[in-house]
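>>> Pasting a predicted model and its sequence here:
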Amino acid sequence: MPGCLWAVALLAAALAATASAADKTVLYASGGFLSVGGVAADNVVAWNGSHWSALGAGLTLTSQAIRVYAVTQAWSSIYVGGGFQYPVAGLARWDGVSWTMVGGGISPGGSVWVFLNYQDGFLAGGLFYAAGEVPAASIAHWNGRAWSALGAGFSGVVTTLCVQNGLLYAGGDFAVSPSGAVFNGVAAWDGQAWTALQSGLNWNYYNNPYSAGVVYALLPYKGDLIVGGTFTGAGTVPLRYVGRWNGTAWSALGVTDDGLEYAVIDMTLGLDGVLTVGGYVHWSRSTALGRVAKWTGTTWVDFSGGSGVMGDHVGTFAVAFGSLFVGGDIISAGSASTTGVARWNGASWSSIGSFNNGDFAPIVDFLLAGCQLGWTGPACSVCDFGSYGTNCARCQIGTYADAVGREACTLCPPNAVTLSTGSYHIQQCLCKAGCYGPAGGPCIGSQLYRAHGGVLETSRARWLTPPLAR
């Protein structure tokens, strides 16, 4: 599910975008599908405001039970996570030309469910026990050069990540950490350790025995944290699929007996800052709802006044091109017949092309409002890492751009060269054949290397594992 910072960033992007910037905006979609609008695309695709295009050959899934769950954009590349196994497993990078592994990948059989741009890189959450060669239980941080773990992690799936009031929050289908700490669906990271939010969330539906709640969505809202998922309470506080955490205590939104019915999968502030939720929801105790509902401040109502989104579930939101996009396993929105994705322009629903998955229902799990590769910033107006100039072209082999907004790329040190275009760090400059030295130089000729007793480390030996990739 989307990291909660995207909701605020994407709304700001929509409001700040100029006509020229809008030309560089791209809506990325991932999930389980074979084509959209007649364009063949295996489980990941991009829309530029007028037509869809595939990202290479896409990503191959091994069954209908697993999909491409998450997308993020960083350093002139697109990163996707899911249950795919080909061309790489669980986590992959698209640079505009090919799919590659990221930092040695994640543990065999693992999957990534969520990304969050965080500090000097991004977080990947999901279900895995290692990232590269680093032991990491379902959450890890990638800074473009190495993976690192965040504490003991979690014994279960991390499905959503969010930063609020200086703390990182993780939600998912987990009760404890490998160290034995009890969280019950949600936890907070202060930079040193994970802590529980009181006793976490519980599930007691139709008087079944209590079990840990499952969290699918986190969103900052009026200084608090809104939590959505499958749960009926937090300790002794009754909740119905959505709850509010103010940093010290839990509370319900409105009257608990008038809460939502069935799981909340994603949340957004939409086009107008109104708290909006989607999932398997279809009614509150007093009001019939579609799969999308909004909070009036006192109660839940259908998002578009009774002609909402229909289908199995809504799983994702994104704001782009001045509209709110809704994705999931859907069959219609208002009077518009559409599968996979629907567009809300503030007044009515429309289709931007129906998704197809052969004999199975197409599902869109994630939508990301991003930029054309090479561009970044809230209005897609600045050259990203690894790109330069007025058109944000990729740095050529032998050069790199280690900051945004570069007018030119920097040459690698003498006798060093990058292995691909779009490099963004000096450590991607590796010694040429016959020269030796650390990544980033200096690179010394072989005779001088022998004169030093052969003690200099060879950069090519260092990078027998996949080279630096973001």
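Arrived safely.
>>> where do the helices sit along this structure?
Under the criterion DSSP state H, helices of the chain are mapped to 5-16, 19-22, 446-451, 459-462.
>>> Quick check, central residue of the protein?
The centroid of the chain falls nearest to Phe115 when counting by Cα atoms, centre = their mean (3.4 Å).
>>> Excluding chain neighbours, what is closest to that one?
The shortest distance from Phe115 to any non-neighbouring residue, by Cβ to Cβ, 6 or more residues apart in numbering, is to Thr72 (3.6 Å). C-beta here means a position set from N, CA and C on the backbone, and glycine is covered the same way.
>>> I'd like the distance between that neighbour and Asn48.
From Thr72 across to Asn48, the span is 18 Å (Cβ to Cβ, to the nearest Å).
>>> okay, these two: which has more neighbours?
A count of neighbours by other Cβ atoms under 10 Å puts Thr72 above the other of Thr72 and Asn48, at 24 against 15.
>>> who touches the closest residue to Gly235 other than its chain neighbours in this structure?
Distance criterion Cβ to Cβ, 6+ apart; nearest residue to Gly235, sequence neighbours excluded, is Ser199 at 4.6 Å. By Cβ atoms under 8 Å, 6 or more residues apart in numbering, the contact set of Ser199 is 182, 184, 234-235.
>>> among these, which two are most distant?
Val182 and Ala234 (13.3 Å; Cβ to Cβ).
>>> How is this protein divided into domains?
Using automatic domain parsing, the domains assigned to the chain come out as 5-377, 387-462.
>>> residue ranges with poor pLDDT in this protein?
1-22, 205-210, 255-258, 284-288, 305-307, 446-470 (pLDDT under 70).
>>> Who are the contact partners of the closest residue to Ile66 other than its chain neighbours?
Closest residue to Ile66 apart from its sequence neighbours, by Cβ to Cβ, 6+ apart: Gly83 at 2.8 Å. Gly83 is in contact with 61-62, 65-69, 90, 111, counting by Cβ under 8 Å, 6+ apart.
>>> List the contacts of Leu91.
Residues near Leu91 by Cβ under 8 Å, 6+ apart: 79-81, 101-102, 105-106, 112, 124.
>>> mind running it again at 10 Å?
By Cβ atoms under 10 Å, 6 or more residues apart in numbering, the contact set of Leu91 is 70, 79-82, 84, 101-106, 110-112, 115, 124, 126, 128, 131, 140, 142.
>>> next one: Ala152
135-137, 139, 176-181, 193-194.
>>> before we move on, the earlier item: from the contacts of Gly83, keep the buried residues only.
Buried by 16 or more other Cβ atoms under 10 Å: 61, 67-69, 90, 111, out of the contacts of Gly83.
>>> nearest to Phe154, of these?
Minimum distance to Phe154 across the buried ones among the contacts of Gly83 is 14.0 Å, recorded for Ser111 (Cβ to Cβ).
>>> Is that closest one in contact with Thr62, as I believe?
No: using Cβ atoms under 10 Å, Ser111 is not in contact with Thr62; the gap is 11.1 Å.
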